[in-house]
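K.L.:
Predicted model follows, preceded by the sequence.
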Amino acid sequence: MPNEHEAPFSEIDPARAERLYLLAEECAELQHKIMKTLRHGMKSYNPLIEGTAPTNQEEMEFEVGDIMFAMDLCFKNGDMNRTRAEAGKGLKSAKVWKYLHHNTREKNWEGR
């Protein structure tokens, strides 16, 4: 019988669940910022913020940083394997280019 600190069916302890919730939340926040950027542009900003408001591009960059932190937290605690994640990145790179219409490996990846 599971104790009060363990999910009964997933065996995910509260600390791991918290890290995964954090990662999921940060991914959702980036998705939201990307949608705002696509709707209003990279240089647009929230007009309701007084003073100097960050642009949509800057907000996306902050959100990516938040995801990077959450990923590192998961990697350092064994929730995910960094080597396997890097391998997944390589596999994606090998197959995604034929499906992109406005980006090429030579121009947008290797040419940087």
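P.N.:
Ah, there it is.
K.L.:
My guess is Glu26 contacts Gly65. True?
P.N.:
No: using Cβ atoms under 8 Å as the test, Glu26 is too far from Gly65 to be in contact (9.3 Å). From N, CA and C alone the C-beta is placed, and that goes for glycine too.
K.L.:
Who has more neighbours out of these two?
P.N.:
Taking other Cβ atoms under 10 Å, Glu26 and Gly65 do not tie; Glu26 has more neighbours (19 against 12).
K.L.:
Next one: Pro47 from Glu110, what distance?
P.N.:
Distance, Pro47 to Glu110, by Cβ to Cβ, to the nearest Å: 39 Å.
K.L.:
Phi, psi for Ser45 please.
P.N.:
For the record, residue 45 is Tyr, not Ser. Main-chain torsions, Tyr45, degrees, to the nearest 10: phi -150, psi 170.
K.L.:
where does it land on pLDDT?
P.N.:
pLDDT, Tyr45: 93.
K.L.:
Please list all residues in contact with the nearest residue to it once chain neighbours are set aside.
P.N.:
Nearest residue to Tyr45, sequence neighbours excluded (Cβ to Cβ, 6 or more residues apart in numbering): Ala53, at 4.1 Å. Under the criterion of Cβ atoms under 8 Å, 6 or more residues apart in numbering, the neighbours of Ala53 are 45-47.
K.L.:
Tell me how far Ala15 lies from Ala28.
P.N.:
Noted for Ala15: a distance of 21 Å to Ala28, by Cβ to Cβ.
K.L.:
what's the answer for Gly88, then?
P.N.:
Counting by Cβ to Cβ - Gly88 and Ala28 are separated by 20 Å.
K.L.:
which helices and strands sit right next to the strand or helix carrying Arg39?
P.N.:
Per DSSP states H and E: Arg39 is located in helix 14-40. Contact here means 3 or more Cβ pairs under 8 Å, 6 or more residues apart in numbering; DSSP states H and E; on that basis helix 14-40 packs against helix 56-76.
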